[in-house]
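1. All I have is the shape, not the residue letters:
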């Protein structure tokens, strides 16, 4: 089940603690895989962080939101 589907399920079944904890685990795992981006002073500063741009461009599921 995708994170979005699990979130929808949890919202519909608020008493299902096991589903809630599964969603929390997915969110935590997703956060561990993110590449941190320092604060930027301008859009041109993004060019100073090629690993972030590579992660952003190379991971199509990266923009899935809950």
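-> Thanks, I have the structure now. Quick caveat, the model's predicted, so the values are computed rather than measured. Numbering: from 1, shown residues only.
2. pLDDT value on residue 17, please?
-> Confidence per residue is given as pLDDT, and for residue 17 that number is 97.
3. quick one: it from residue 7, how far?
-> In this structure, residue 17 and residue 7 are separated by 15 Å, where distance is defined by C-beta to C-beta, to the nearest Å. (Glycine included, C-beta is placed from N, CA and C.)
4. so residue 52 makes contact with residue 40?
-> No - with contact defined as C-beta atoms under 8 Å, residue 52 and residue 40 do not form a contacting pair (10.1 Å).
5. what sits in contact with each of these two?
-> Counting by C-beta atoms under 8 Å, 6 or more residues apart in numbering, the common neighbours of residue 52 and residue 40 are residue 46.
6. neighbour-wise, which of those two wins?
-> Counted by other C-beta atoms under 10 Å, residue 52 and residue 40 do not tie: residue 52 has more neighbours, with 15 against 11.
7. For the longest helix anywhere in the chain, enumerate the helices and strands it packs against.
-> Here the longest helix in the chain is taken by residue count, with DSSP state H as the criterion, and it is helix 17-32. Here helix 17-32 touches helix 3-12, going by 3 or more C-beta pairs under 8 Å, 6 or more residues apart in numbering; DSSP states H and E.
8. got the angle between the helix it packs on and helix 17-32?
-> Calculated by axes from the mean of the first three to the mean of the last three C-alpha atoms, to 10 degrees, helix 3-12 forms an angle of 140 degrees with helix 17-32.
9. mind listing what's buried in helix 3-12?
-> By neighbour count, and taking 16 or more other C-beta atoms under 10 Å as the criterion, the buried residues in helix 3-12 are 3, 6-7, 10.
10. Adding distance to residue 31, write those out as a markdown table.
-> Shown next, in a markdown table, are the buried residues of helix 3-12 (distance: C-beta to C-beta, whole Å):
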| residue | distance to residue 31 |
| --- | --- |
| 3 | 11 |
| 6 | 15 |
| 7 | 15 |
| 10 | 17 |
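11. Going by distance to residue 32, which of the residues you listed wins?
-> Using C-beta to C-beta, the shortest approach to residue 32 within these belongs to residue 3, at 13.7 Å.
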